[in-house]
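> sequence and predicted model, in that order:
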Number of protein chains: 2
Amino acid sequence: MDESTRSSEKLRQAVDVFWETFPPLWRMIHVHIREVAVEQFNITVEQFHILRHIRRGRDSVSALAEAKDISRPAISQSVDLLVTRGLIVRSIDPQDRRHVKLDLTADGNALMDAIFGDTRQWMMKTLEPLSADEIQALTCSMESLKKIL
Amino acid sequence: MDESTRSSEKLRQAVDVFWETFPPLWRMIHVHIREVAVEQFNITVEQFHILRHIRRGRDSVSALAEAKDISRPAISQSVDLLVTRGLIVRSIDPQDRRHVKLDLTADGNALMDAIFGDTRQWMMKTLEPLSADEIQALTCSMESLKKIL
DNA sequence: TGTTAATGGTTAATTGTCGAAACTATTTTA
DNA sequence: TAAAATAGTTTCGACAATTAACCATTAACA
């Protein structure tokens, strides 16, 4: 077995273990967020993700649509709902009057703080069984993944 | 700073880098699967996930509903569609006639083989820039995550 | 400079998916 | 044997997503 064959076997192995791990993990997180977001704050998980993106600086309908890979009208409607809920505000950019800037309100920020705080607690609790080395390896792995995205 | 404070800082760090990495990564995968599943095979990503679960042994409506955390009627309807598409078959378990066993048809299996093959190729290509050590660390991390789920 | 194209966003109409409630059928339990 | 629990489906209402058409603004260019 030559070098490249061996390394491609490793790759394949990584991909396979990925499929056994990521989907259930993501699902757990999804379920947890839903519990907090829906039951405590009465917003859907999708709305949570929109708020999350706005908080991270995606401040227009187009940017959100691109980030979430759904249509602009769909975003526009969700934004409508979140505006009426008082969680975000629209404001027109004087530099480019086509651009409608989106920002979290104080309420929106407070809600996100609460959900993130809660989720972080939960995730920390979930990861607690791991050893310090495993935590370290996990962090490094994610750093290297982030690098290639 | 005592021992437990330091380790909880590490945990928090892991959680934070997680949030910067996972959602965009998952989105990329989602987009890729959609490209293959929708454009080549004309099924939705959600349908793909149902087929994936069936393939992995979740062979009843209830098991799928539990695994995906959505209602049984929703699953039942999706299953309906996939049956009419000829991708899965329902069969009644003679041992327990309430239980409707779900199985992929030859077509369904072929479709999943194709999507998985394609996706694996794509993921391997995506992970290729990583060094052998990084791949190794990634695999280990996912093994340890799998352990605690 | 004035027309055209591109960008950013919304509205309207349609489709599709999900969930709750109600139902049938089967099996388990008391 | 009657009641309860389990497995699945059907119906119906609510919500979310898409496409097409639209308005406003800015950029491109002939």
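Received it, and whenever you're ready, just let me know what you need.

> the lowest-mean-pLDDT helix or strand in chain A and DNA strand D in contact?
Within chain A, no helix or strand scores below helix A:41, which has a mean of 82 by mean pLDDT, DSSP states H and E. No: Helix A:41 lies out of reach of DNA strand D by Cβ under 7 Å from any atom of the strand, never closer than 13.4 Å. Yep, even glycine has a C-beta here, placed from its N, CA and C like the rest.

> next helix or strand past that helix?
helix A:45-55 (DSSP states H and E).

> so which bits of the following helix or strand past that next one are buried?
Sequence order places helix A:61-68 as the next helix or strand after helix A:45-55, per DSSP H and E. Neighbour counts over helix A:61-68 (16 or more other Cβ atoms under 10 Å in any protein chain shown) mark A:61, A:63, A:64, A:65, A:67, A:68 as buried.

> can you list the residues that contact the least confident helix or strand of chain A?
Helix A:41 has contacts (Cβ atoms under 8 Å, 6 or more residues apart in numbering or on different chains) with A:111, A:114, A:115.

> number of nearby residues for the second one?
Other residues near residue A:114 come to 14 when the count uses other Cβ atoms under 10 Å in any protein chain shown.

> pLDDT at it, what is it?
Turning to residue A:114, the model gives it a pLDDT of 90.

> quick one, what contacts it?
Counting by Cβ under 8 Å, 6+ apart, residue A:114 touches A:36, A:40, A:41.

> ok, residue A:132 to residue A:97 distance?
From residue A:132 over to residue A:97 the distance is 53 Å, taken as Cβ to Cβ, to the nearest Å.

> who's more crowded, those two?
residue A:132 (12 against 8).

> ok so, going back, which of the contacts of residue A:114 are buried?
Neighbour-count burial (16+ other Cβ under 10 Å) applied to the contacts of residue A:114 gives A:36, A:41.

> okay, the contacts of residue A:114 in CSV with distance to residue B:31 next?
Shown next, in CSV, are the contacts of residue A:114 (distance: Cβ to Cβ, whole Å):
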residue, distance to residue B:31
A:36, 27
A:40, 31
A:41, 28
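
> right, and residue A:20 touches residue B:146 too?
Yes: shown here, residue A:20 and residue B:146 form a contact pair, counting by Cβ atoms under 8 Å, at 6.0 Å.

> against which helices or strands is the lengthiest helix in chain A packed?
As assigned by DSSP state H, the longest helix anywhere in chain A is helix A:3-34. For helix A:3-34, the helices and strands in contact under the criterion 3 or more Cβ pairs under 8 Å, 6 or more residues apart in numbering or on different chains; DSSP states H and E are helix A:45-55, helix A:106-127, helix B:3-34, helix B:106-127, helix B:132-148.

> could you rerun that using 7 Å?
If contacts are counted by 3 or more Cβ pairs under 7 Å, 6 or more residues apart in numbering or on different chains; DSSP states H and E, helix A:3-34 sits against helix A:45-55, helix A:106-127, helix B:106-127, helix B:132-148.
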